[in-house]
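Student: just a sequence and a predicted model for now, questions to come.
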Amino acid sequence: MKKVEDYVRSIPDFPEKGIIFRDITSVIQDPEGLKLAIDGIQNLLKDVDFDVVVGPESRGFIFGVPIAYNNHTGFVPVRKKGKLPCETISEEYALEYGTATIEIHKDAIQPGQKVVIVDDLIATGGTTEAAIHMIERLGGEVVKVVFLMELEGLKGRERLKDYDVDAVIKYPGK
Ligand SMILES: O=P(O)(O)OC[C@H]1O[C@H](OP(=O)(O)OP(=O)(O)O)[C@H](O)[C@@H]1O
Ligand SMILES: Nc1ncnc2[nH]cnc12
């Protein structure tokens, strides 16, 4: 029987030389791959009590919404700058070259809410760290952070050492 990692397509040198791109389109286009991915993430949350799911644009939407639906919680998008229509707070974070900014609606998280962050992949952890800062600025408590894939060689988990972080698939390198 196939495992979820069998559905991930690895593309060398995309989007630039030296990066192995872990492609989820091959996972989610297959009914069994999609089911294994969502069920795998759900399994990491089986003992977690939470009120809301936050997912970063855009691949965090794909996995975050079904998890919110499964658990009968709401879903809050974290978007790239300039996309959200109401009042936002924002956070800048470092990319390999330069910086990027993500935003969340100011009224999306209520003080004291228990938040789970869902995304497809953790690399450096910069996106997640920025999302955590915003959630905490709004008074939310990040109770767990879950990914389909973790690139262990990039040490994102160390950057999030104060948080409960887990992933379905762990790649030892980058
Ligand atoms: O741990 P990090 O180093 O922050 O990298 C991981 C993030 O990068 C990717 O998103 P990206 O910003 O490429 O956006 P996309 O989902 O719209 O492709 C991925 O989906 C994670 O959100
Ligand atoms: N190697 C990688 N594959 C897919 N998405 C990524 N985001 C950051 N690094 C990535």
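Tutor: Here it is on my side, so go on. Ligands and ions are numbered 1, 2, ... in the order given.
Student: spatially central, which residue of the chain would that be?
Tutor: Asp119 (1.8 Å; C-alpha atoms, centre = their mean).
Student: can you name the residues of this protein sitting close to ligand 1?
Tutor: Within the chain, the positions near ligand 1 by C-beta under 6 Å from any ligand atom are 56-60, 119-127, 156. Just so you know, the C-beta spots here come from the backbone N, C-alpha and C atoms, and that holds for glycine as well.
Student: which ones among those residues are found in helices?
Tutor: Counting by DSSP state H, these place 59-60, 126-127, 156 in helices.
Student: list the neighbouring strands of the lengthiest strand in the chain plus their orientation.
Tutor: Assignment by DSSP state E gives strand 141-151 as the longest strand of the chain. Using DSSP bridges, strand 141-151 pairs in its sheet with strand 114-122 (parallel), strand 165-171 (parallel).
Student: give the buried subset of the residues of the chain next to ligand 1 as a PyMOL selection command.
Tutor: Selecting only the buried entries of the residues of the chain next to ligand 1 in PyMOL, with 16 or more other C-beta atoms under 10 Å as the criterion:
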select buried, resi 56+57+59+60+119+120+121+122+123+124+125+126+127+156
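Student: what's the per-residue pLDDT of the residue of the chain positioned farthest from its centre here?
Tutor: For the chain, the largest distance from the centre (C-alpha atoms, centre = their mean) belongs to Met1, which lies 26.8 Å off. pLDDT, Met1: 90.
Student: could you pull out the strands for the chain?
Tutor: Under DSSP E, the chain gives strands at 9-12, 20-23, 52-56, 74-80, 88-94, 99-105, 114-122, 141-151, 165-171.
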